[in-house]
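Asks: this one's sequence-less:
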């Protein structure tokens, strides 16, 4: 049986590959601060995209992975984004967005469904 962190890292690897296939450049992964974490930092067409990855195995009816990106999780993510932007000395005018990519998998880690929610409102 996979540990939760192994499953999470596998899902993040899968999403990074998915984003690359859609012409996103991956700038970083797993940016962690005590107050929040960014799973994937990407760029496309001059826009910085901060990606929250959520995954679950199929059979979780009513518990789709994207529903776990709750307001508190997104608030913590936004705080990590602000810290990241400041640490990398980005302009306050830098165009940016938060995306959520949700994976639903079968028991053999076959992806059943991938949903990409772009530029989510906080």
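Replies: Arrived safely, thanks for sending. For clarity, every value in this text was computed on a predicted model and none was experimentally measured.
Asks: show me where this structure has helices.
Replies: Taking DSSP state H as the criterion, the chain contains helices spanning 4-21, 71-87.
Asks: of all those helices, which one comes closest to residue 104?
Replies: Nearest of the helices of the chain to residue 104, taken as C-beta to C-beta: helix 4-21 at 10.5 Å. Using the backbone N, CA and C atoms, a C-beta is placed for each residue, glycine as well.
Asks: quick check: residue 65 touching residue 103?
Replies: Yes. Between residue 65 and residue 103 there is a contact at 6.4 Å, judged by C-beta atoms under 8 Å.
Asks: which neighbours do those two share?
Replies: With contacts defined as C-beta atoms under 8 Å, 6 or more residues apart in numbering, the residues shared by residue 65 and residue 103 are 54, 55, 56.
Asks: hey, what's the last one bridged with?
Replies: As for beta bridges, residue 56 partners with residue 104 under DSSP bridges.
Asks: for it, give me the pLDDT.
Replies: Note for residue 56: predicted pLDDT of 82.
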